[in-house]
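Peer 1: just coords:
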């Protein structure tokens, strides 16, 4: 019985790790796009960084899918903002999670922390204008 529980635990651990997305895994999934970029852009993406002028596809290679997407319309036209968040305890004393897994499996959060004692913190915002990154906002002190 212990052997089966150990095997089940290992399989669950692998499933969680498979849900984790890094720049390297995203590059392996889309090598054609990555190989057509300049060496400078490739290096930024490998580091998980975004630059002004990146396309949405390049941003996804670097930092993955956004947690939220906002569309803004003003006198200059439409723009879109992609927001990446973290989950912390109130007061920011502990980072519970940041990134991909909770976007796909939001209910899993309750297994790891008191769901009522959490705060969603916007840590990164990428704004697009005419299909290119126009601005990048990062939370400082993270």
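Peer 2: Happy to help now that I have it. Since the model is a prediction, treat every value here as computed from it, not as a measurement.
Peer 1: contacts for the helix or strand harbouring residue 41?
Peer 2: In the assignment (DSSP states H and E), residue 41 maps to helix 39-46. Helix 39-46 is touched from outside by 23, 24, 27, 34, 37, 50, 51, 54, 58, 61, 62, with contacts defined as Cβ atoms under 8 Å, 6 or more residues apart in numbering. C-beta here means a position set from N, CA and C on the backbone, and glycine is covered the same way.
Peer 1: report the buried residues of it.
Peer 2: Neighbour-count burial for helix 39-46 flags 41, 42, 44, 45 (criterion: 16 or more other Cβ atoms under 10 Å).
Peer 1: that older thread, which one of the contacts of helix 39-46 is nearest to residue 85?
Peer 2: The shortest gap between residue 85 and any of those belongs to residue 50, at 15.7 Å (Cβ to Cβ).
Peer 1: wait, is residue 26 part of a strand?
Peer 2: No. Checked against DSSP: H, G, I helix; E, B strand; the rest coil, residue 26 lies outside a strand; its state is helix.
Peer 1: how about the nearest residue to it once chain neighbours are set aside, phi and psi?
Peer 2: In space, residue 26 comes closest to residue 61 once its chain neighbours are excluded; the distance is 5.1 Å by Cβ to Cβ, 6 or more residues apart in numbering. Here the main-chain torsion angles of residue 61 (degrees, to the nearest 10) amount to phi -60, psi -40.
Peer 1: can you pull out the low-pLDDT segments for this protein?
Peer 2: Low-confidence regions of the chain, defined here as pLDDT under 70, cover residues 4-20, 87-119, 141-142.
Peer 1: apply 90 and report the result again.
Peer 2: 1-21, 76-77, 85-124, 138-142 (pLDDT under 90).
Peer 1: quick one, helices of it?
Peer 2: Taking DSSP state H as the criterion, the chain contains helices spanning 2-19, 23-29, 31-35, 39-46, 56-63, 100-104, 109-112.
Peer 1: and residue 132, how many neighbours?
Peer 2: By the other Cβ atoms under 10 Å criterion, the neighbourhood of residue 132 contains 13 residues.
Peer 1: nearest residue to it other than its sequence neighbours?
Peer 2: Beyond its immediate neighbours in the sequence, the residue positioned closest to residue 132 (Cβ to Cβ, 6+ apart) is residue 53, lying 5.4 Å away.
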